[in-house]
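A.B. asks: coordinates for the following, if possible.
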Amino acid sequence: MIRVAVITMLLAGCTSDRFFVRRNGADLPVWVRGPEASELTVVVQHGSGTSGALYDWMPAFDQLEAAVRVVYWDQRGAGISQGAASPDSLVLGESVADLDLVLDAVRERLDPGRIVLLGHSLGGGISLAYLSRSSVGPDIVGYVDVSGGRSLREAYEAASADIVAWAQAKTEAPGDRYAEIVAFYEARPTFPRQEPDRSQHAAYVDEVLAERGYDQAASMGAMTSFLLSRGVGNAWFGPFDPLGFLANTQRVVQDYDLDGVDLSPDDVAAIDVPVLVLAGQFDFAVPQSVSQRTFEAVGGDGSGLQVFEESGHFPMWDQPGPFANGVLEFLQAR
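C.D. replies: Next up is the predicted model:
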């Protein structure tokens, strides 16, 4: 029997089930939205250092919840996950095993019908790793990859190469600022895990995007303000603890083995469910070229690729209507 702590509430034919799944030192919160009678369930895997609530609060996911049942959960060490998960458990294999247990709990507690996974960023890497296994249940009928971190090493390399090409095109003298940018990336072939390298990379990303017409800082600032306006304190199982949430966020960013999220196209080629790959034109966290290679690896009957031309790493925020419509169209075919 899966060990869960349960709070259940049914409102006007909609599911609002909340419980924890416990595994290997972590208590993982799971909550369910949407029509109780839905024959299709979407299970969302959030990105690095965020929470399932980030998506639950967004208008794009309000549209999804109006049509199908949606399950959100917080990964070990993230959001409001509890327990004493050790740092060495913040690895891809443990996250895949956690997802497996969450799916078992959903099957046990609900009548989920057909299941579609949706993974964003790091959650995409977790979903792809799970789906590439041979033991996936027959009730899983599709996957939506949103800027999925199939290989965070490859993603960083692609973003770095783009910035280097941009800087090289502007270089006028060996010692100028743009030559220094090229030297910065030549000296750092892998993802910079610690400050100040990470903040310097982020500053270069913002500069390139601003020149190309996308204000990433403004988009992220607007998203943060909107989420705060949704009443953070009323979204959780009890009083919201912002310090605990921020501590978990920082822990994942610093301690999660991001280098270990490194699936090759061959690793995911065995996935045999239809896949919808969604990518932002201005995404430097998981560049469009990485999403393109993921699609080429898993592309098959019912699969598709959609690029949002006004979006960065969060197309569900930048273009909520087109995002929801694209996902719903895919779901309707499942």
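
A.B. asks: where does the stretch 151-300 of the chain dip in pLDDT?
C.D. replies: Residue ranges of the stretch 151-300 of the chain with pLDDT under 70: 192-196, 230-253.

A.B. asks: rerun at 80
C.D. replies: Applying pLDDT under 80 to the stretch 151-300 of the chain picks out residues 173-175, 189-198, 227-254, 300.

A.B. asks: which residue ranges of it form helices?
C.D. replies: Remark: helices assigned in the stretch 151-300 of the chain by DSSP state H, counting those that start in this stretch are 152-170, 177-186, 197-211, 216-229, 242-255, 265-268, 288-298.

A.B. asks: so the nearest residue to residue 31 once chain neighbours are set aside versus residue 110, what's the distance?
C.D. replies: In space, and not counting its chain neighbours, residue 31 is closest to residue 18: 4.4 Å by CB to CB, 6 or more residues apart in numbering. Glycine gets a C-beta too; all of them are placed from N, C-alpha and C. Distance of residue 18 to residue 110, given as CB to CB, to the nearest Å: 12 Å.

A.B. asks: any chance you could map the strands in the chain?
C.D. replies: Under the criterion DSSP state E, the chain contains strands at 4-11, 14-23, 26-33, 40-45, 69-73, 82-83, 114-120, 140-146, 275-280, 304-308.

A.B. asks: distance from the chain centre to the second one, please.
C.D. replies: Using CA atoms, centre = their mean, to the nearest Å, the distance from the centre of strand 14-23 to the centre of the chain it belongs to is 20 Å.

A.B. asks: next: the fifth one.
C.D. replies: Average the C-alpha atoms of strand 69-73, do the same for its chain, and the two points are 13 Å apart (CA atoms, centre = their mean).

A.B. asks: what is the neighbour count of the nearest residue to residue 157 once chain neighbours are set aside?
C.D. replies: Counting by CB to CB, 6+ apart, residue 189 is the residue found nearest to residue 157 once chain neighbours are left out, at 7.8 Å. Each residue near residue 189 was counted by other CB atoms under 10 Å, and the total is 10.

A.B. asks: show me what contacts the nearest residue to residue 185 once chain neighbours are set aside?
C.D. replies: Of all residues not flanking residue 185 in the chain, residue 160 sits nearest, at 4.7 Å (CB to CB, 6+ apart). Applying CB atoms under 8 Å, 6 or more residues apart in numbering, we find residue 160 in contact with 185, 188, 201.

A.B. asks: any chance of the strands of the chain in TSV, plus distance to residue 255 and mean neighbour count?
C.D. replies: Listed next are those as TSV, based on distance: least, CB to CB, whole Å; neighbours: other CB atoms under 10 Å:
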stretch	distance to residue 255	mean neighbour count
strand 4-11	25	11
strand 14-23	18	19
strand 26-33	13	22
strand 40-45	18	25
strand 69-73	19	27
strand 82-83	15	18
strand 114-120	20	25
strand 140-146	24	25
strand 275-280	27	26
strand 304-308	31	18
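
A.B. asks: of the contacts of residue 160, buried ones?
C.D. replies: The neighbour-count test (16 or more other CB atoms under 10 Å) applied to those identifies 185, 201 as buried.

A.B. asks: okay, the contacts of residue 160 in TSV with distance to residue 78 next?
C.D. replies: Shown next, in TSV, are these (distance: CB to CB, whole Å):
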residue	distance to residue 78
185	29
188	26
201	22
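
A.B. asks: which among the contacts of residue 160 gets closest to residue 281?
C.D. replies: residue 201 (19.6 Å; CB to CB).

A.B. asks: where does that closest one sit relative to residue 264, distance-wise?
C.D. replies: Relative to residue 264, and taking CB to CB, residue 201 is found at 24 Å.

A.B. asks: now do the domain split for this protein, please.
C.D. replies: Split into domains by automatic domain parsing, the chain comes to 4-152+245-332, 154-218.

A.B. asks: tell me, what residue is most central in the chain?
C.D. replies: Centroid-nearest residue in the chain: residue 120, 2.2 Å away (criterion: CA atoms, centre = their mean).

A.B. asks: ok, that residue - contacts?
C.D. replies: Applying CB under 8 Å, 6+ apart to residue 120 gives the contacts 44, 45, 46, 47, 55, 146, 147, 148, 314, 316.

A.B. asks: quick revisit: could you tell me the least trusted of the strands of the chain?
C.D. replies: Of all the strands of the chain, strand 4-11 carries the lowest average pLDDT, namely a mean of 36.

A.B. asks: cool, thanks, talk later.
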